[in-house]
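Participant: Model the following, please.
(2 chains)
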Amino acid sequence: GQNIDQPTEMTATEGAIVQINCTYQTSGFNGLFWYQQHAGEAPTFLSYNVLDGLEEKGRFSSFLSRSKGYSYLLLKELQMKDSASYLCAVRGRPSGGYNKLIFGAGTRLAVHP
Amino acid sequence: EAGVAQSPRYKIIEKRQSVAFWCNPISGHATLYWYQQILGQGPKLLIQFQNNGVVDDSQLPKDRFSAERLKGVDSTLKIQPAKLEDSAVYLCASSPTVNTGELFFGEGSRLTVL
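Facilitator: A predicted model of the protein is given here:
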């Protein structure tokens, strides 16, 4: 099957940097996604990693180590609007057949002034 | 480009009643997903379609939930009879194929079962 672990909650200060970790187990790994979800809204895509290393996109970066089953999302220059849940999701084939995208429980980030 | 459309946005029903949710994916997207998101949790995959065929429904409670995607475009998710624990947001998402691309989500349908 698939298993995804990420911290439940984190707090940070406006202007600071925060790292949200995600560990996973899956069969037939085919990519790791990070989504942002504001309260009461649908998830929106942030980043995608399929190879090891760091992907940078503006204030957000995502890192993947496939051998360790580990990823992190790095948010720089935090803004109040970054207060949201951050969902780690893994695409894989846990029981063969088609790929499917499974989400972790999400990390609720609160940014304070 | 039009996004994923869902309706209704909100629905309140009593337990043992039935409800249906509708989803229209992004044009040309072959893969369609229904996720259930209970408050404070991550989305849980209920069913995944590739065109009009089901490719995964392993976590769909088939005694009460059903879904179809006739003609490989629109999809309907039905719950009958509803239970209190079905209170959740039902998210529909689509992607170009099952192997590539991000998922695009609709705004969701929030169900409250009393």
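Participant: pretty sure residue A:61 contacts residue A:55?
Facilitator: Yes. At 6.6 Å, residue A:61 counts as touching residue A:55 under the criterion of C-beta atoms under 8 Å. The way it works is simple: take the backbone N, C-alpha and C, and place the C-beta from them, glycine included.
Participant: For residue B:29, give its distance to chain A.
Facilitator: Using C-beta to the nearest C-beta, to the nearest Å, residue B:29 is found at 14 Å from chain A.
Participant: That residue falls within a helix, correct?
Facilitator: No. Counting by DSSP: H, G, I helix; E, B strand; the rest coil, residue B:29 is not found in a helix; it is coil.
Participant: Grab the nearest non-local neighbour of it.
Facilitator: Spatially, and ignoring its direct neighbours in sequence, residue B:29 is nearest to residue B:94 (3.8 Å; C-beta to C-beta, 6 or more residues apart in numbering or on different chains).
Participant: Residue B:28 now?
Facilitator: Closest to residue B:28 by C-beta to C-beta, 6+ apart is residue B:96, at 7.1 Å.
Participant: does that neighbour really touch residue B:32, like I thought?
Facilitator: No. At 11.3 Å, residue B:96 does not count as touching residue B:32 under the criterion of C-beta under 8 Å.
Participant: Settle it for me: which of the two has more neighbours?
Facilitator: residue B:32 (27 against 15; other C-beta atoms under 10 Å in any protein chain shown).
Participant: Then the more buried one would be within a strand, right?
Facilitator: Yes. Counting by three-state DSSP, residue B:32 is part of a strand.
Participant: May I have the residues that are in contact with it?
Facilitator: B:23, B:25, B:48, B:49, B:69, B:75, B:92, B:93, B:94 (C-beta atoms under 8 Å, 6 or more residues apart in numbering or on different chains).
Participant: any idea of the pLDDT on the third one?
Facilitator: On the pLDDT scale, residue B:48 is placed at 93.
Participant: Now for the chain, the helix or strand with the poorest mean pLDDT.
Facilitator: Using chain A here. Every helix and strand in chain A was compared by mean pLDDT, DSSP states H and E; the lowest is strand A:100-103, with a mean of 89.
Participant: that's the other chain; I wanted chain B
Facilitator: For chain B, judged by mean pLDDT, DSSP H and E, that is strand B:53-56, with a mean of 90.
Participant: Is that one in proximity to chain A?
Facilitator: Yes. Using C-beta under 8 Å from any C-beta of the partner chain, we find that strand B:53-56 touches chain A at B:55, B:56.
Participant: now for that strand, which elements pack on it?
Facilitator: strand B:44-50 (3 or more C-beta pairs under 8 Å, 6 or more residues apart in numbering or on different chains; DSSP states H and E).
Participant: what helices or strands is the strand it packs on leaning on?
Facilitator: So strand B:44-50, by 3+ C-beta pairs under 8 Å, 6+ apart, packs with strand A:100-103, strand B:31-37, strand B:53-56, strand B:65-68, strand B:75-79.
Participant: where are the low-confidence patches of the chain?
Facilitator: You didn't pick a chain, so chain A it is. A:1, A:94-97 (pLDDT under 70).
Participant: The chain in question should be chain B.
Facilitator: In chain B (pLDDT under 70), the answer is B:1.
Participant: and it, which of its residues are near chain A?
Facilitator: B:33, B:35, B:41-45, B:48, B:50, B:55-56, B:58, B:91, B:98-99, B:102-108.
Participant: tell me, what residue is most central in chain B?
Facilitator: residue B:34 (3.0 Å; C-alpha atoms, centre = their mean).
Participant: Many thanks, I have nothing further to ask.
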